[in-house]
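# model the following, please.
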Amino acid sequence: MIYRKCKRSRTGYNNGDIDVAFQLFKCGCVWDGNLVSKDSRDWLVKQGYAVRHEGGQSLTGRGVIAFLRHHRTWISIARRRNLWKKPALTASPEEVKRALS
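Coordinates of the predicted model:
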């Protein structure tokens, strides 16, 4: 399972894992200093859902499939779309530039 269970979270899943997975999916590659959670990144790498190389990380094929198949992802997509009124799975050119800087 791509997201860890978390009893303290209202959703029941680790929100850092969800946020990092969204960030990596949307931007493709994210520089270390721009990650929302390094702990969640380490979890995703350890489980084989993400890969890390020379300060950058991105989802693996396994990570993309697990991300898109998890029901919590789709709940988060609907929530993000309703809150921010913009596509939840695509990054703007500014977001991609920020992720890599």
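# so who does Ile77 touch?
Applying Cβ atoms under 8 Å, 6 or more residues apart in numbering to Ile77 gives the contacts 88-89. For glycine as for every other residue, the C-beta is placed from the backbone atoms N, C-alpha and C.
# the helix or strand where it lies: what's the following helix or strand?
Under the criterion of DSSP states H and E, Ile77 resides in helix 71-84. Remark: after helix 71-84, the chain's next helix or strand is helix 93-100, criterion DSSP H and E.
# does Gly16 touch Asp42 like I think?
No. Using Cβ atoms under 8 Å, Gly16 is not in contact with Asp42, being 10.4 Å away.
# mind checking pLDDT for the residue positioned nearest the centre of the chain?
The chain has Ala21 as the residue nearest its centroid, 1.4 Å off, counting by Cα atoms, centre = their mean. At Ala21, the pLDDT value in this model is 97.
# from Gly63, how far out is it?
Applying Cβ to Cβ, to the nearest Å, the value for Ala21 to Gly63 is 7 Å.
# joint contacts of these two?
2, 44, 49.
# Gly16 and Asp42 - which one has more neighbours?
Gly16 (21 against 14; other Cβ atoms under 10 Å).
# next structured bit after whichever helix or strand that one is part of?
For Gly16, the host element (DSSP H and E) is helix 15-27. Counting by DSSP H and E, the element after helix 15-27 in chain order, helix or strand, is strand 30-31.
# find the nearest non-adjacent residue to Ala91, please.
Nearest residue to Ala91, sequence neighbours excluded (Cβ to Cβ, 6 or more residues apart in numbering): Lys26, at 4.1 Å.
# so that neighbour makes contact with Ser92?
No. The pair Lys26 / Ser92 is not scored as a contact, 9.3 Å apart, by Cβ under 8 Å.
# what is the worst-scoring helix or strand of the chain on mean pLDDT packed up against?
Lowest by mean pLDDT, DSSP states H and E among the helices and strands of the chain is helix 93-100, with a mean of 90. The contact analysis (3 or more Cβ pairs under 8 Å, 6 or more residues apart in numbering; DSSP states H and E) places helix 93-100 against helix 15-27, strand 30-31.
# that helix versus helix 15-27: what angle between them?
Computed by axes from the mean of the first three to the mean of the last three Cα atoms, to 10 degrees, the angle separating helix 93-100 from helix 15-27 equals 120 degrees.
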